[in-house]
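Asker: Sequence and predicted structure are below.
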Amino acid sequence: MNGYKNGYPCQTIKYEDVQNTVKYLRNRTTIRPVLAIICGSGLGGLANTLEDQEAFAYKDIPNFLVSTVPGHAGRLVFGRLGGKEVVCMQGRFHCYEGYPVARITLSVRVMIELGAKMLIVTNASGGLNSDYKVGDLMVMKDHINLPGLTGINPLIGSTDDRFGPRFVPLSDAYNKKYRDLAKEIAQELGMDYLKEGIYVFQSGPCFETVTECCLFRMLGADVTGMSSVPEVIVARQMGVDVLGISLVTNKCIRTYDAVEVANHEEVLETGRMRAKDMERFVAKIAERVEFKG
Ligand SMILES: O=P(O)(O)O[C@H]1O[C@H](CO)[C@@H](O)[C@H]1O
């Protein structure tokens with residue numbers, strides 16, 4: 001991962017590889033997506049709701065990785081949602097699966113090169129804010145990239161201007177217009193459980209210790225998870241606006257003598273419980289977003 005291969009640091013994603021994958025998919029689908037969606041743990045049902053679906057298993061797509069996490073089906077699904085042509089990752093890749101961080105975001109580059117002008121990331125998270133309940137949704141206002149602060153960032157490596165700049169501003173990582181639209185739609189749909197807050201990314205796969213949870217809360221985070229941030233960084237490098245929606249699937253344990261512990265089954269179970277609401281919500285967002293040009 002740290003060495004060089006064919007003159008490139010191994011982390012680097014080649015523009016030509018992305019283009020080859022784009023070409024492969026364009027030749028096999030008639031859908032020209034303007035919106036890209038990534039489904040988080042247990043939230044993949046959204047992809048099944050697309051109209052006029054055309055789906056590809058990740059294992060069949062050149063340069064794609066494979067999903068190894070339960071609740072991540074591992075399919076790229078094209079179709080229509082809310083009257084728009086979309087592409088949906090039914091399952092994502094995570095650093096803790098052993099993949100280099102730049103590699104897990106190749107699929108985001110592909111969806112953007114296919115034409116996506118907006119990225120919606122969804123994820124499952126643990127609630128740190130004591131006002132948050134299991135089943136709440138949170139519009140991501142910002143993130144803390146803990147692995148990023150210690151040198152794990154998808155943009156590390158040799159740079160290619162065709163993807164965008166090396167030095168990417170992230171003060172506007174989560175588009176204000178889209179956050180406001182999401183809140184407006186939630187109100188219309190009577191979703192009084194929609195919050196807005198800060199997501200802290202830790203690499204996983206371990207759930208947090210009690211002290212780590214206390215630290216994250218002190219840093220200002222409302223929820224914690226093991227994904228999404230690398231995807232957002234790459235989308236922003238490529239000039240694409242992002243909306244992030246996090247489902248609080250469990251409460252983070254912040255007392256040392258608690259008997260309950262976090263587990264992936266609970267994460268998936270909460271995902272199933274909120275699946276329909278999430279689908280309705282994202283479909284409405286897809287319907288209402290507007291793109292210039
Ligand atoms: O972020 P997503 O992919 O939704 O999944 C979340 O759920 C898993 C832990 O249960 C971790 O992968 C965490 O990041």
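Answerer: Cool, the structure landed.

Asker: Okay, helices next: where are they in this protein?
Answerer: For the chain, applying DSSP state H gives helices covering 15-26, 45-48, 101-104, 106-113, 146-149, 176-188, 210-219, 229-237, 264-288.

Asker: Might one say that Ser227 is in contact with Phe201?
Answerer: Yes - using CB atoms under 8 Å, Ser227 is in contact with Phe201, at 7.2 Å. Using the backbone N, CA and C atoms, a C-beta is placed for each residue, glycine as well.

Asker: count of residues packed around Thr21?
Answerer: 22 (other CB atoms under 10 Å).

Asker: and Phe291, how far is that from Gly127?
Answerer: 33 Å (CB to CB, to the nearest Å).

Asker: Tell me, how many residues neighbour Arg162?
Answerer: The burial count assigned to Arg162 is 11, neighbours taken as other CB under 10 Å.

Asker: tell me the contacts of whatever residue of the chain ends up closest to the ligand?
Answerer: The nearest approach of the chain to the ligand comes at Gly40, 2.7 Å away (CB to the nearest ligand atom). For Gly40, the contacting residues are 92, 121-124, 227-228, 246-247, 271, by CB atoms under 8 Å, 6 or more residues apart in numbering.

Asker: Looking at the closest residue to it other than its chain neighbours now. What's its pLDDT?
Answerer: Spatially, and ignoring its direct neighbours in sequence, Gly40 is nearest to Asn123 (3.7 Å; CB to CB, 6 or more residues apart in numbering). For Asn123, the pLDDT comes out at 97.

Asker: And for the one 3 residues further on?
Answerer: Turning to Gly126, the model gives it a pLDDT of 98.

Asker: ok, which residues in the stretch 1-150 of the chain are in contact with the ligand?
Answerer: Contact residues (CB under 6 Å from any ligand atom) of the stretch 1-150 of the chain with the ligand: 40-41, 69, 92, 94, 123-124.

Asker: Name the residues of stretch 196-212 that are buried.
Answerer: Neighbour counts over stretch 196-212 (16 or more other CB atoms under 10 Å) mark 196-202, 204, 207-208, 212 as buried.

Asker: start to end distance for it?
Answerer: From the first residue to the last, stretch 196-212 extends over 22 Å; the measure is CA to CA, to the nearest Å.

Asker: and it, what's its mean pLDDT?
Answerer: For stretch 196-212, the mean confidence score works out to 97.

Asker: Likewise for stretch 243-263?
Answerer: 95.

Asker: Likewise for stretch 275-288?
Answerer: Here the average pLDDT along stretch 275-288 is 97.

Asker: neighbouring contacts of that stretch?
Answerer: 35, 37, 42-43, 45-46, 49, 81-84, 86, 120, 122, 137, 178, 181-182, 185-186, 188-189, 191, 243, 245, 247.

Asker: which ones are touching Val66?
Answerer: Contacts of Val66 (CB under 8 Å, 6+ apart): 58-59, 74.

Asker: Mind checking which of those are buried?
Answerer: Judged by 16+ other CB under 10 Å, buried ones among the contacts of Val66: 58, 74.

Asker: Format the contacts of Val66 as TSV; extra columns: distance to Asn263 and pLDDT.
Answerer: Putting the contacts of Val66 into TSV (distance: CB to CB, whole Å; pLDDT from 0 to 100) gives the following:
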residue	distance to Asn263	pLDDT
Tyr58	25	97
Lys59	28	96
Gly74	22	95
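
Asker: Just give the nearest non-adjacent residue to Gly148, would you?
Answerer: Here the residue nearest Gly148, using CB to CB, 6+ apart, is Val229, at 7.0 Å.

Asker: give me the subset of the buried residues of stretch 196-212 touching the ligand.
Answerer: When the buried residues of stretch 196-212 are checked against the ligand using CB under 6 Å from any ligand atom, the ones in range are Gly204.

Asker: Would you mind checking which of the buried residues of stretch 196-212 is nearest to Arg26?
Answerer: Arg26 lies nearest to Phe201 out of the buried residues of stretch 196-212, by CB to CB, at 31.6 Å.
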